[in-house]
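Chemist: Structure for this input, please:
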Amino acid sequence: MRSPKVPDVSRRERQALDAVYRSGAATANDVQAAIPNPPSYSAVRAMLAALVRKGHLRVEREGTRYVYHPTLAREKARTRALSHVIDTFFSGSLAQAVSAMLDERSGRLSEDEARRLERLLKQSREAGR
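Modeler: Numbering: from 1, shown residues only. Here you go, the predicted structure:
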């Protein structure tokens, strides 16, 4: 099985993959209900099969249903996706990515979130990163 990578999925496959990650596991019916303007059931099944072939999902039979599960833990997938976005849109600069997000969310950062970010920055400086 190949190592999953973010760029090898279509927009629709990404929507299906996101639906599975949101719920932790999903059937084709679950995925179809979770994506906007969903394609036919057979098209959803084909997308899920493609995601299995690409190594993003695994499938288990539970009774009469096929249930799809992510192959990567949510934390690992999140890290890979964020790394891809930072590399693609911010030339690998974490500072530019964080700055863009803070600009986008100005006024919507809670006090708890601000304190957490300050604490993480302090820990990072102390660790010499």
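
Chemist: tell me the mean pLDDT for the host helix or strand of Glu60?
Modeler: Secondary structure assignment for Glu60, by DSSP states H and E: strand 57-62. The average pLDDT within strand 57-62 is 96.

Chemist: what's in contact with it?
Modeler: With contacts defined as CB atoms under 8 Å, 6 or more residues apart in numbering, strand 57-62 is touched by Leu17, Val20, Leu48, Leu51, Val52, Tyr66, Val67, Tyr68, His69, Pro70, Thr71. Backbone N, C-alpha and C define where each C-beta goes, glycine included.

Chemist: Stretch 33-45 now?
Modeler: Arg12, Gln15, Ala16, Ala19, Arg22, Ser23, Ala26, Ala28, Asn29, Val31, Gln32, Met47.

Chemist: that older thread, enumerate the positions of the very next helix or strand once past the strand holding Glu60 that are buried.
Modeler: Downstream of strand 57-62, the next assigned helix or strand under DSSP H and E is strand 65-70. By 16 or more other CB atoms under 10 Å, the buried positions in strand 65-70 come out as Val67, Tyr68, Pro70.

Chemist: And the next helix or strand past strand 65-70?
Modeler: Next along from strand 65-70, by DSSP H and E: helix 74-89.

Chemist: residues of the lowest-mean-pLDDT helix or strand in the chain that come out buried?
Modeler: The helix or strand of the chain with the poorest confidence is helix 94-104; it has a mean of 84 (mean pLDDT, DSSP states H and E). With burial defined by 16+ other CB under 10 Å, the residues of helix 94-104 counted as buried are Ala97.

Chemist: got the angle for the one helix or strand Ala43 maps to vs strand 57-62?
Modeler: Assigned by DSSP H and E, Ala43 falls within helix 41-53. Orientation check (axes from the mean of the first three to the mean of the last three CA atoms, to 10 degrees): helix 41-53 against strand 57-62 gives 120 degrees.

Chemist: Give me the mean pLDDT for helix 41-53.
Modeler: Across helix 41-53, the average pLDDT comes to 96.

Chemist: how about low-confidence regions in the protein?
Modeler: Counting by pLDDT under 70, the chain contains low-confidence ranges at 1-7, 106-107, 129.
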